[in-house]
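A.B. asks: I would like to see how this sequence folds:
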Amino acid sequence: MTAQHHAPLSLLEARILGVLVEKQKTVPDTYPLSLNALTSGCNQKNNRDPVMNATETQVQAAVDALHRRSMLSQSSGARVARFEHNLARALRIPDQAVALLATLMLRGPQTTGELRINSERLHRFADGSSVEAFLEELATRPDDQGGALVVKLARQPGEREARWAHLLGGPVEPPLTAHAAAPVAAAGAAADDGGEAVQRLRDELDRLRAEVAALRADVEALKRPV
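C.D. replies: Next up, the predicted model:
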């Protein structure tokens with residue numbers, strides 16, 4: 001895959017690449033991975049966000065798509081097909097950047113501190129500033145090298161640090177956090193309160209109308225001749 005703007009990866013395709021990078025470092029004896037092991041890695045409950053439930057058929061289709069784009073390769077001659085990633089070569093990035101991208105693909109947007117901790121099994125960064133340096137490099141890649149691969153998201157209300165997200169799946173919209181959702185909930189509550197107030201006014205109006213009607217009836221009764 002030459003340096004060019006890559007077509008967006010699906011969530012499953014990104015997960016597959018993240019799993020291959022992870023397992024290469026954490027379980028090298030079983031790497032490259034079989035389809036069964038790759039599917040299990042995609043569907044892991046721990047260290048994954050979001051949690052998936054992909055079938056082997058779905059994983060195989062995604063593997064085929066990644067193979068066509070030279071982002072992974074298949075071992076030949078084995079009784080069971082095995083797969084390995086080609087991220088460093090395909091994207092023309094160093095191993096440190098591969099570790100950060102894989103961590104983002106497996107766990108979603110994270111702060112620099114979270115990335116340093118969560119990527120430790122893939123690459124041990126000296127400190128947060130070294131993580132930040134590689135992220136900035138990935139975020140400012142020139143167009144002739146394929147463009148940015150990560151983006152720093154706007155810091156959300158209540159968050160101490162901004163989070164980073166990968167761009168292999170296309171542009172990223174920051175998720176609505178609990179803090180950001182609070183004004184929406186408050187607005188909804190205010191709307192509910194307003195509706196209750198209107199209803200109370202209507203009930204009061206109906207009560208006054210009834211009282212006026214009763215008074216009119218009394219007046220009419222007094223007008224009648226005895």
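
A.B. asks: Thr111 reaches Trp164, doesn't it?
C.D. replies: Yes. At 7.4 Å, Thr111 counts as touching Trp164 under the criterion of C-beta atoms under 8 Å. Quick note: C-beta positions are derived from backbone N, CA and C, even for glycine.

A.B. asks: more neighbours: these two, which one.
C.D. replies: More neighbours surround Trp164 than the other of Thr111 and Trp164, with 25 against 19 (other C-beta atoms under 10 Å).

A.B. asks: for the more buried one, give the beta-bridge partners.
C.D. replies: Residues in a beta bridge with Trp164, per DSSP bridges, are Gln110, Lys152.

A.B. asks: looking at it now. What's its pLDDT?
C.D. replies: On pLDDT, Trp164 comes in at 98.

A.B. asks: now do Gly158
C.D. replies: 88.

A.B. asks: doesn't it fall inside a strand?
C.D. replies: No. Secondary structure of Gly158 (DSSP: H, G, I helix; E, B strand; the rest coil): coil, not part of a strand.

A.B. asks: now it: how far from Gln58?
C.D. replies: 37 Å (C-beta to C-beta, to the nearest Å).

A.B. asks: can you pull the contacts of the nearest residue to Thr111 once chain neighbours are set aside?
C.D. replies: Take Thr111 and drop its neighbours on the chain: the residue closest to it by C-beta to C-beta, 6 or more residues apart in numbering is Glu161, 4.1 Å away. Residues counted as contacts of Glu161 (C-beta atoms under 8 Å, 6 or more residues apart in numbering) are 111-113, 155.
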